[in-house]
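Asker: all I have is the shape, not the residue letters:
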């Protein structure tokens, strides 16, 4: 083992010899208008500005995929460079005079132009000029125009024209005509059905056969990056607009991969579930810095407002060792809106019929060529304490106020130095429990059952990056963050207070070995966490410091294959040395098929009380004696360790003349050790180390299709097999559905109307045993299956579509759990329990809101 450590340290210092490393590269995919190989060469050349390591534009679907260093440049700068070369992007439009200088073959349909209502129609009963281009493809995939190609209507063969010297033809549409016949001497002719009179036809000749090439220029609101070795699913801000998305916990409603469930029936805490595992096994980062973690993780999803989010990146399985060692089921990275790139003003106001109100204000100002500043504000109000669908006398949601804000600064000197820094603040003050509970008179008494939270969190962060002018592929970066979290809370007669002070630093260096086929990243990291918990008279203190080094090598011989090998060596002040190996392979035999294989190790330290707040909202006994109280230990429990292996396939194809695709994902997670939270005794909750096996198997299949123009449909099915060896034997994980079905439909019109619909089918869930309770307090072994539906309609107004009104409904089936709290009539008795929540706690809900933007 000493040899491994010495070898790792030697390898690390060799890689660090020159200096150290930049922020992790980022990959974006966006829409760029173009037609042919000449467009492809022009777009890719224009995109490769300083800080861009790879740029590929796909002539088939019109999407550009760019890999760049966000410490050097931005997606806005890349899109501007492409527009300056004459090609429209989804955000930046090329100047007309530049567009007009393009080769005639390259004169694409301009993006963003308003179309008449009949432009998407498929009928052919009005006159119009059809424009097309005919190109020859060689063995390398290059396209060149073909002159003299004969084009005529099948329905009227008397009229025939030829393509000009640039391969371009214009033919007048005739009433009733639907098919064009294209022929050329020495080539097999083709008959093409004209489906859209307003798009340029691209006809490709390959192997002496003429055939239509359909170019789609639409960027999906959620997509998978084809060039990234890891399978990263990106949810864009446009996807978030399909639902209200007031905070991060509500941002996955139109996503099939991530479940967000309530932790219990009274606290309002929510957690994500990925691959059938609790959210504590998913690494949550914000712009690749640690997100709410430790004591802050249970309520952290409520602290980030949806309107702050630029994109959410979901990576299942193993992530990069550069991001740490805690990822066990996957990573969710949240990209917030940047002051140098976002709108100057964004305002959102939301209200629902249950009494909740949310207000968001984003401000951004570019001070000069180097400096920009942004302010993100979110305020949530909930004061309807009478909301109680189950009529058990308890508030379905705690009432109170949550306020959060971010002030962030961006500096870029244009010579390779980029700095970002800022401060975040959260204040959360809420009260729950019985409707008649009065905090002033009933707190910590048996008058009425109540609970409350008083939370403050402050965080400072900074990211500094530098690219060496002599070698644009070599860069160094430093990531820093520090936070203070404090929570004072009570649950009936129990008080629970905690405090956490954390610090994090990550020094990174990246370079190539000879050429871009061989890349490596190396770095040093340190995290510091000081925890203090006070439960009645039981005190749990610990200080945990983890320092380590990592090395990651990427081999990319071509666009079809990637191999990423990573290794971390860390020292935990409580548990000692541990090694984290990870590997990812990507193979794309063609432009429409991608295979990925990943495997690796993850490790984390459990915070058993903060991660299971619902245990305090029950009469279950906790054996504090079995947990170590002395300072410097993590409750006397071992670290959680697991290995994750995953295999995915993504296949794109065309259906109904439009882009479609299917994906298949298989993941297996095997715990070497897990801290077991045992709910199987209805009178107690136990914490102990795994003795046996614990695993999860996840299978998910997803199909996406556009049956009609502007009408996007996604269907998914997921199967979970999650089992653990408890003291009672091997059991299925409680409160986790084995089966789930998903459907999302979105229809968008140029006029500004948008219609969205989501259906979720959730299978039955195993319930923790209540067999030892009196008959009145015994539950069935399994819950019911249920169906929920969400829908939203929105309309954007103005020339820039910068004012939007939206109206929606959630849980339109009005299904909710009728008995969410066991023994609710005796909250201070022996059988009271709020932890058996398996379905929605609230029924049908309607909301409305407005969005306003100043570009």
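Answerer: Thanks, I have the structure now. Everything quoted here is computed from the prediction, not taken from an experiment.

Asker: so for stretch 451-468, mean pLDDT?
Answerer: Taken as a whole, stretch 451-468 has a mean pLDDT of 95.

Asker: count the residues that sit near the residue nearest to residue 840 when sequence neighbours are not counted.
Answerer: Sequence neighbours aside, residue 816 is the residue nearest to residue 840 in space, at 4.8 Å (criterion: C-beta to C-beta, 6 or more residues apart in numbering). Every C-beta, even on glycine, is put in place using the N, C-alpha and C of the backbone. Counted with other C-beta atoms under 10 Å, residues neighbouring residue 816 total 18.

Asker: next: residue 751.
Answerer: Neighbours of residue 751 (other C-beta under 10 Å): 12.

Asker: for residue 592, see how far away it is.
Answerer: For residue 751, the distance to residue 592 equals 33 Å [C-beta to C-beta, to the nearest Å].

Asker: quick one, helices of the stretch 51-200 of the chain?
Answerer: Ranges of helices within the stretch 51-200 of the chain are 75-84, 96-99, based on DSSP state H, counting those that start in this stretch.

Asker: quick one: low-confidence parts of the stretch 551-700 of the chain?
Answerer: By pLDDT under 70, the low-scoring segments of the stretch 551-700 of the chain are 628-632.

Asker: so which residues of it form strands?
Answerer: 561-572, 576-590, 593-604, 621-622, 640-655, 658-673, 675-678, 684-689, 694-708 (DSSP state E, counting those that start in this stretch).

Asker: which stretch among the ones you listed comes nearest residue 538?
Answerer: Shortest distance between residue 538 and these, using C-beta to C-beta, is found for strand 621-622: 8.8 Å.

Asker: hmm, who's touching the closest one?
Answerer: Strand 621-622 is contacted from outside by 615, 683, 684, 685, using C-beta atoms under 8 Å, 6 or more residues apart in numbering.

Asker: which residue packs closest to the third one, ignoring adjacent ones?
Answerer: Yep, that's residue 684 we're talking about. In space, and not counting its chain neighbours, residue 684 is closest to residue 621: 4.3 Å by C-beta to C-beta, 6+ apart.

Asker: for the last one, same thing?
Answerer: Across the structure, with C-beta to C-beta, 6+ apart as the measure, the residue nearest residue 685 apart from its sequence neighbours is residue 620 (4.6 Å).

Asker: measure that neighbour to residue 478 for me?
Answerer: From residue 620 across to residue 478, the span is 46 Å (C-beta to C-beta).

Asker: hang on, residue 784 in a strand?
Answerer: No - counting by DSSP: H, G, I helix; E, B strand; the rest coil, residue 784 is not part of a strand but coil.

Asker: that one is in contact with residue 839, isn't it?
Answerer: Yes - counting by C-beta atoms under 8 Å, residue 784 does reach residue 839; the two are 7.4 Å apart.

Asker: what sits against residue 44?
Answerer: 55, 56, 57.

Asker: whoops, residue 587 was the one
Answerer: Residues in contact with residue 587 (C-beta under 8 Å, 6+ apart) are 560, 561, 594, 595, 596.

Asker: buried only: go through the residues you listed for me.
Answerer: 594, 596 (16 or more other C-beta atoms under 10 Å).

Asker: helices along the stretch 351-500 of the chain, start to end?
Answerer: 439-442.
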